[in-house]
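Colleague: I'll drop the sequence and a predicted model, then ask my questions.
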Amino acid sequence: MRESVRLADLTTLRVGGPATVAECASTEALVATVRALDSKGIPVLLIAGGSNLLISDDGFDGVVVKVATTGVELGADGVIAEAGANWDGVVAQTIDAGFGGLECLSGIPGSAGATPVQNVGAYGVEVASLLRRVELLDRASGATRWAEPAELGFGYRTSKLKHSDDAVVLRVEFALDPSGTSAPLRYGELATTLAVTDGGTRPAAQVRAVVLRLRAGKGMVLDPADHDTWSAGSFFTNPVVPHARVDEIRALITAHVGDVTIPTYPAPDGVKFSAGWLIERAGFGKGFPGPEAPARLSTKHTLAVTNRGAATAGELVALARKVREGVEARFGIHLEPEPVTVGLTL
């Protein structure tokens, strides 16, 4: 174990105080380490890619288990990746091997093991639609087992795993298309760029290239030189408004911004509104609050809270809170944060 490690060095937001870190390069070591710490009642924080974490400036009073497992095994029509494997690396490896299916999830930072926790999604595709099973360590019993997707309670950017410490993801298995064809393309921007109708397909490699280009243009592909990528990606999820409140919300928006086209999408329990659109119309533009601020909204889109190089966790939280409160005051919509917070609350 290493003591007094800066957790800022382990997260894409680049904030977080000191902690003791135990690095696990194999699944066996990961299981043994978590079991040993749990048996002693020592608090555990798991970190792999660190792309969805906002950690307190005070650090973590316990042991951070760094998931550094990297194995990837391709089969005839699927892939099994260890939890610490770089997610975009997994996607690239499957496409280079001639498979399709994961291409719309290209460029997403973080690890393979985090994808089912968050039900990661982009460009109209979610992990839940591709996942075959997840290997879990049950921390209460110490046993490991494979769990089916139906057990994981997937929802929009969430699952039963997200806000629970009951289990540790060890491996994930995804279904692939051996033909190398992409998943059906249903996201407007992507389909338009690729000149396909809704539900059409393209070679997976072609779709990956376009997705990476689109994401990079929004500061959503990690680049150490670009502070717009010093973020946790989209900080807020797109809010789903119950059907009973949709007319009320539309009226509030119209009252403040005029009779405009409001971007909405169907959702199982209501209507999904665009968080980025709401944030901007509430008065928080790209780069808010200005070039001198250490914590700012991305200069490329309003949905990312970014560290301009020297921001503290407290400053990032203050900015996120200001944006959330502003949207709620103007439009009556409460935005939910996407990153997991450690040692602080929004």
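Modeller: That came through fine.
Colleague: Using CSV, write out the CA atom coordinates for the worst-scoring helix or strand of the chain on mean pLDDT.
Modeller: The element with the least model confidence among the helices and strands of the chain, by mean pLDDT, DSSP states H and E, is strand 264-267, at a mean of 92. Output of strand 264-267 as CSV, limited to C-alpha atoms (Å, rounded to 0.1, in the frame of the first residue of the first chain):
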residue,chain,number,x,y,z
THR,A,264,-37.5,16.8,-25.8
TYR,A,265,-37.4,13.0,-26.2
PRO,A,266,-39.8,10.2,-25.2
ALA,A,267,-39.0,8.4,-21.9
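Colleague: Note down every partner strand of that strand and its orientation.
Modeller: The strands that strand 264-267 pairs with in its sheet are strand 270-273 (antiparallel) (by DSSP bridges).
Colleague: The partner strand: what's the following helix or strand?
Modeller: On the C-terminal side of strand 270-273, the nearest following helix or strand under DSSP states H and E is helix 275-281.
Colleague: who does that following helix touch, helix- and strand-wise?
Modeller: Based on contacts counted as 3 or more Cβ pairs under 8 Å, 6 or more residues apart in numbering; DSSP states H and E, the elements that helix 275-281 packs against are helix 243-257, helix 313-331. (Each C-beta comes from the backbone N, C-alpha and C, glycine too.)
Colleague: Can I get those in TSV including mean pLDDT?
Modeller: Putting the helices and strands packed on helix 275-281 into TSV (pLDDT from 0 to 100) gives the following:
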stretch	mean pLDDT
helix 243-257	96
helix 313-331	98
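Colleague: Dump these to JSON lines, plus distance to S234 and mean neighbour count.
Modeller: What follows is the helices and strands packed on helix 275-281, written out as JSON lines (distance: least, Cβ to Cβ, whole Å; neighbours: other Cβ atoms under 10 Å):
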{"stretch": "helix 243-257", "distance to S234": "20", "mean neighbour count": "13"}
{"stretch": "helix 313-331", "distance to S234": "12", "mean neighbour count": "19"}
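Colleague: Which of these sits closest to R296?
Modeller: Comparison of the helices and strands packed on helix 275-281 against R296 by Cβ to Cβ identifies helix 313-331 as nearest, at 7.2 Å.
Colleague: wait, what's in contact with L319?
Modeller: L319 makes contacts with F288, P289, A293, A295, R296, L297, V305, as judged by Cβ atoms under 8 Å, 6 or more residues apart in numbering.
Colleague: Nearest to L190 among those?
Modeller: Distances from L190 to these, taken by Cβ to Cβ, are shortest for L297, at 23.7 Å.
Colleague: hang on, the earlier thing: where strands are concerned, which of the contacts of L319 count?
Modeller: A295, R296, L297, V305 (DSSP state E).
Colleague: give the contact list for the first one.
Modeller: Contacts for A295 were tallied using Cβ under 8 Å, 6+ apart; they are V305, T306, N307, R308, A311, T312, E315, L316, A318, L319.
Colleague: hmm, 6 Å instead?
Modeller: With Cβ atoms under 6 Å, 6 or more residues apart in numbering as the criterion, the residues that contact A295 are A311, E315, L316, L319.
Colleague: Now the terminal residues of stretch 252-268, how far apart.
Modeller: One end of stretch 252-268 to the other measures 23 Å (Cα to Cα, to the nearest Å).
Colleague: Which single one of the contacts of A295 is nearest to Y265?
Modeller: Scanning the contacts of A295 for proximity to Y265, where the rule is Cβ to Cβ, the winner is L319, at 26.4 Å.
Colleague: where's that closest one relative to N307, distance?
Modeller: L319 sits 10 Å away from N307, taking Cβ to Cβ, to the nearest Å as the criterion.
Colleague: before we move on, back to that, now which of the contacts of L319 would you call buried?
Modeller: F288, A295, R296, L297, V305 (16 or more other Cβ atoms under 10 Å).
Colleague: quick one, what contacts the fourth one?
Modeller: Going by Cβ under 6 Å, 6+ apart, L297 touches F288.
Colleague: Give the bridge partners for it, please.
Modeller: V305.
Colleague: can you give me the helices for this protein?
Modeller: When assigned using DSSP state H, the helices of the chain occupy the ranges 27-39, 87-96, 114-118, 188-193, 204-217, 243-257, 275-281, 313-331.
Colleague: Kindly reformat these as CSV containing distance to E135.
Modeller: Shown next, in CSV, are the helices of the chain (distance: least, Cβ to Cβ, whole Å):
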stretch, distance to E135
helix 27-39, 8
helix 87-96, 15
helix 114-118, 11
helix 188-193, 31
helix 204-217, 25
helix 243-257, 38
helix 275-281, 33
helix 313-331, 32
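Colleague: Out of the ones you listed, flag the one nearest A267.
Modeller: With distances scored as Cβ to Cβ, the stretch of the helices of the chain nearest to A267 is helix 243-257 (9.7 Å).
Colleague: How far away from the center of its chain is the closest one?
Modeller: On the basis of Cα atoms, centre = their mean, to the nearest Å, helix 243-257 is displaced by 28 Å from the centre of the chain it belongs to.
Colleague: Measure how that helix sits relative to helix 313-331, angle-wise.
Modeller: Between the axis of helix 243-257 and that of helix 313-331 there is an angle of 90 degrees, by axes from the mean of the first three to the mean of the last three Cα atoms, to 10 degrees.
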